[in-house]
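J.: sequence first, predicted model second:
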Amino acid sequence: MRWIVRSGLILIALTAVRAAVRSSPPPPLPVPAASSIVIPVAGACLDHVRSEFNDWRGNHRHHALDILAPRGTPVVAATDGRIRKLLTSRAGGLTIYEFDPTQTLVYYYAHLDHYAAGLQEGDEVRAGDVIGYVGTTGNAPPNTPHLHFAIGVLPPGKQWWKGQAIDPYPILRDHGVAAEAGPIAR
Ligand SMILES: [Zn+2]
């Protein structure tokens, strides 16, 4: 009989916890440490960009923002930070992973045509610094050059590949400032 009472109590406790979890507001969106973030493509504005964070791309969610721009348009660091990883992957092509100074967020730039000259892992960058150029490397359509831009919340271990994606669109829309237009590299 006692076990029935005990399991009943456990059930009640679990239900209470579940209800509390359900009713608690979602955690606040981590916003980049700086009060502003730079739109990471020179000369780009967001007027014709829409959130496509939850769009399906094949069998996975997009979890990023695509910013269309002519091939060779400078890609700039969205925030102050450090170049954590330069990686060439099948899907992303030429990519950059940048950590913010507090290592809270990881910024991901993909399909680059090429990197900024001399760019290396470990480099410190300032928001607005040119780090690469728009292209179609990886699985981007050859006739649609764009920057695939993602922001992730880093796990406690700070693995650069394990950021939990958050939607860059509202962050750029609410906080983004335009990057200065630089020369287009051919
Ligand atoms: Zn994309």
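T.: Nice, thanks for sending it over.

J.: where does the prediction get shaky in the protein?
T.: By pLDDT under 70, the weakly predicted segments of the chain are 1-35, 181-186.

J.: repeat the analysis, applying 90 as the threshold.
T.: Across the chain, the ranges flagged by pLDDT under 90 are 1-36, 45-52, 57-60, 174-175, 178-186.

J.: so which residues of this structure form strands?
T.: Secondary structure of the chain by DSSP state E: the strands cover 37-38, 56-57, 60-61, 65-68, 74-76, 81-89, 93-99, 105-115, 124-125, 130-134, 146-153, 164-166, 176-177.

J.: can you list those in JSON lines and add distance to the ion and mean neighbour count?
T.: To be clear about C-beta, it is placed using only N, CA and C from the backbone, and glycine gets the same treatment. JSON lines is the format used below for the strands of the chain (distance: least, CB to the ion, whole Å; neighbours: other CB atoms under 10 Å):
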{"stretch": "strand 37-38", "distance to the ion": "18", "mean neighbour count": "24"}
{"stretch": "strand 56-57", "distance to the ion": "7", "mean neighbour count": "12"}
{"stretch": "strand 60-61", "distance to the ion": "11", "mean neighbour count": "10"}
{"stretch": "strand 65-68", "distance to the ion": "4", "mean neighbour count": "20"}
{"stretch": "strand 74-76", "distance to the ion": "13", "mean neighbour count": "26"}
{"stretch": "strand 81-89", "distance to the ion": "13", "mean neighbour count": "17"}
{"stretch": "strand 93-99", "distance to the ion": "11", "mean neighbour count": "22"}
{"stretch": "strand 105-115", "distance to the ion": "7", "mean neighbour count": "23"}
{"stretch": "strand 124-125", "distance to the ion": "22", "mean neighbour count": "16"}
{"stretch": "strand 130-134", "distance to the ion": "12", "mean neighbour count": "24"}
{"stretch": "strand 146-153", "distance to the ion": "3", "mean neighbour count": "22"}
{"stretch": "strand 164-166", "distance to the ion": "12", "mean neighbour count": "15"}
{"stretch": "strand 176-177", "distance to the ion": "17", "mean neighbour count": "18"}
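
J.: Ala44 is nearest to which of those?
T.: Ala44 lies closest to strand 65-68 among these, at 5.3 Å (CB to CB).

J.: for the closest one, packing partners?
T.: Taking 3 or more CB pairs under 8 Å, 6 or more residues apart in numbering; DSSP states H and E as contact, the helices and strands that strand 65-68 lies on are strand 146-153, helix 168-175.

J.: if you set the cut-off to 6 Å instead, what comes out?
T.: strand 146-153 (3 or more CB pairs under 6 Å, 6 or more residues apart in numbering; DSSP states H and E).

J.: hmm, who's touching the strand it packs on?
T.: The contact list for strand 146-153 (CB atoms under 6 Å, 6 or more residues apart in numbering) reads 30, 40-41, 64-68, 75, 105-108, 110-111, 134, 163-166, 168.
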